[in-house]
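S.K.: Predicted structure and sequence below. I'll ask about it afterward.
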Amino acid sequence: MPGQLVSFRLAGLGLGIFALGVPDVAAAAQPAAAGRTEPPAPVTPAPTTPPANPAPAPQPAPAPQPAPAQPAPTTQPAPAEPAPEPAPEAAPPAPAQPVAPPPPSGTVGAQATASGGATELAGQGDFASADAPVADEEDVPDDATELTLTAGGILSTGNARSAAVTGGGSFRLRRHIHQFSAAVAGNYAAAAVEAEEGDDDDFEQTVGNVQGRVRYDVFFAERWSGFLMATGRHDPFQGLDLRLNIDPGVAFYALHDPKHRLWFEAGYDLQHDVRSDDAIDEALMEDPDSDVEKTQTNHAGRAFAGYENRLHDQVVLQTGVEYLQSFLDGGRFRLNWDTSLATQLFNQFSLACTFTLRYENEPLPEVEKLDTISSLNLVYKFP
């Protein structure tokens, strides 16, 4: 019995030591058994005798370290769209160019709106120049419609009596590179001297002519144009019932500034004359052996140079010279020169002073080789 008691005590001591050494195991086991229905096993009370070597107090379980906070994902901003490239600066607008005034109306002779019955058109071997090309299509409009009227006259009474009247008109229509122009002019003059007693003092006609011209131009390049012109003239004082000229050619514009122009023309001239009976009779009376035919046709080369300068907004100077050389007879030629100075009076009215020279080295008999005309006339231009 004593031996059994000792072994029970030793066994109880071992259980106590085991119970004191693993208090957490029992505690941890309690939650696991909480769901079980059977009653818990009885626990034997521990002996009151303290153990020889008490176990150290259990260290509290370390508190679980919180998981490091994951940084919130940084939302990457959407890449900004690149700023649009600045638009290229627009080129500064070209300085506005004044619209060029109608250059020589297709003929320098047409400028001679004479007050003494001396309005002249070109084409009968006279001056004929196309309008200036458009220097800059953005500055100068291509389209144009123009109408110009001219009139003048002179009246003298007393010892020397004379009267003269002249008039004309021109029309120009341009659409892009195409241009059509037409002109007409007429002159009449008569004079009389004081009659002696018993004599009539009727006026005698001294000037009488009618002229017309049509022209078509194509501006096919910046400085080049081609043209075809036809003119007709009736002038009994030159011995002509009709003088018809057909002139194709090209023009080159060396300077075509609206205020300063220089241009050249070259082409062919076909001239057909129908002479008056009076002129033929006078030629036969002068030289009965002369061979003067009713009609004459001449083929010639034509060269022209023109210049225009706007000296002031209201003052324009124009001049031109033309040379015609016959292909049939090397000794036959014609030379024409014309100068015009016009000043604006007010609104559409202007005053024109012109000088025209015509030289023909082989005219009809009894016809002078050189003619000159000086004139002063009033011009009205429709806007």
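M.R.: Happy to help now that I have it. Numbers count the residues shown, from 1 in each chain.

S.K.: So what pairs up with residue 227 in the strands?
M.R.: Applying DSSP bridges to residue 227 yields these beta-bridge partners: residue 217, residue 249.

S.K.: which residues does it contact?
M.R.: 128, 130, 215-218, 247-251, 267 (Cβ atoms under 8 Å, 6 or more residues apart in numbering). Where C-beta positions appear, they are placed from N, C-alpha and C, glycine not excepted.

S.K.: end-to-end on stretch 354-369?
M.R.: 20 Å (Cα to Cα, to the nearest Å).

S.K.: Show me which residues of it are buried.
M.R.: By 16 or more other Cβ atoms under 10 Å, the buried positions in stretch 354-369 come out as 354-356, 358, 360, 363-364, 367.

S.K.: and what of stretch 218-230?
M.R.: Judged by neighbour count using 16+ other Cβ under 10 Å, the buried positions of stretch 218-230 are 218-219, 225-227, 229-230.

S.K.: and which of those residues is nearest to residue 378?
M.R.: Distances from residue 378 to those, taken as Cβ to Cβ, are shortest for residue 229 (26.9 Å).

S.K.: What helix or strand is the closest one located in?
M.R.: Secondary structure from DSSP states H and E places residue 229 in strand 224-235.

S.K.: Most widely separated two among the buried residues of stretch 354-369?
M.R.: Maximum pairwise distance in the buried residues of stretch 354-369, criterion Cβ to Cβ, is 25.9 Å, between 354 and 364.

S.K.: what's the span of stretch 190-206, first residue to last?
M.R.: Terminal residues of stretch 190-206 lie 5 Å apart, using Cα to Cα.

S.K.: Listing request: residues of the stretch 101-250 of the chain with sub-threshold pLDDT.
M.R.: For the stretch 101-250 of the chain, applying pLDDT under 70 flags the ranges 101-142, 193-201.

S.K.: picking up where we left off before, export the buried residues of stretch 218-230 to TSV and append columns for distance to residue 314.
M.R.: Listed next are the buried residues of stretch 218-230 as TSV, based on distance: Cβ to Cβ, whole Å:
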residue	distance to residue 314
218	32
219	28
225	28
226	33
227	29
229	30
230	34
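
S.K.: hmm, back to that, export the buried residues of stretch 354-369 to CSV and append columns for distance to residue 339 and secondary structure.
M.R.: As requested, these are exported to CSV (distance: Cβ to Cβ, whole Å; DSSP: H, G, I helix; E, B strand; the rest coil):
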residue, distance to residue 339, secondary structure
354, 7, strand
355, 5, strand
356, 8, strand
358, 13, strand
360, 19, strand
363, 23, coil
364, 27, coil
367, 24, coil
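
S.K.: Confirm residue 324 sits in a strand?
M.R.: Yes. The assignment for residue 324 by DSSP: H, G, I helix; E, B strand; the rest coil puts it in a strand.

S.K.: How many neighbouring residues does it have?
M.R.: 23 (other Cβ atoms under 10 Å).

S.K.: again, but for residue 157
M.R.: 8.

S.K.: now swap in residue 217 and tell me
M.R.: Neighbours of residue 217 using other Cβ under 10 Å come to 23.

S.K.: wait, it sits on residue 248?
M.R.: No. Using Cβ atoms under 8 Å, residue 217 makes no contact with residue 248, being 11.2 Å away.

S.K.: which residues do those two both contact?
M.R.: 226-227.

S.K.: would you list the contacts of residue 227 in TSV and tack on distance to residue 316?
M.R.: Output for the contacts of residue 227, formatted as TSV (distance: Cβ to Cβ, whole Å):
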residue	distance to residue 316
128	19
130	17
215	21
216	25
217	21
218	26
247	25
248	28
249	24
250	25
251	19
267	26
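
S.K.: wait, which of these is closest to residue 298?
M.R.: residue 247 (12.5 Å).

S.K.: Can you name the helix or strand that the closest one falls in?
M.R.: Residue 247 belongs to strand 240-257 when assigned by DSSP H and E.

S.K.: Can you give the strand pairings for the helix or strand following that strand, parallel or anti for each?
M.R.: Downstream of strand 240-257, the next assigned helix or strand under DSSP H and E is strand 260-275. Here strand 260-275 is paired, per DSSP bridges, with strand 240-257 (antiparallel), strand 295-312 (antiparallel).

S.K.: in the first one, what counts as buried?
M.R.: When neighbours are counted by 16+ other Cβ under 10 Å, the buried residues of strand 240-257 are found to be 240-241, 243-245, 247, 249, 251, 253, 256.

S.K.: hey, C-alpha coordinates of that strand in CSV?
M.R.: What follows is strand 240-257, C-alpha atoms only, in CSV (Å, rounded to 0.1, in the frame of the first residue of the first chain):
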residue,chain,number,x,y,z
LEU,A,240,-9.2,105.7,-149.9
ASP,A,241,-12.7,104.4,-150.3
LEU,A,242,-11.7,101.6,-147.9
ARG,A,243,-8.5,100.5,-146.2
LEU,A,244,-8.8,97.1,-144.5
ASN,A,245,-6.1,95.8,-142.2
ILE,A,246,-5.8,92.3,-140.7
ASP,A,247,-3.2,92.1,-138.0
PRO,A,248,-2.4,88.9,-136.0
GLY,A,249,0.5,89.0,-133.6
VAL,A,250,1.9,88.5,-130.1
ALA,A,251,2.7,91.0,-127.3
PHE,A,252,5.4,90.8,-124.6
TYR,A,253,5.1,93.0,-121.5
ALA,A,254,8.5,93.9,-120.2
LEU,A,255,7.0,96.1,-117.4
HIS,A,256,3.3,95.7,-116.5
ASP,A,257,3.1,97.6,-113.3
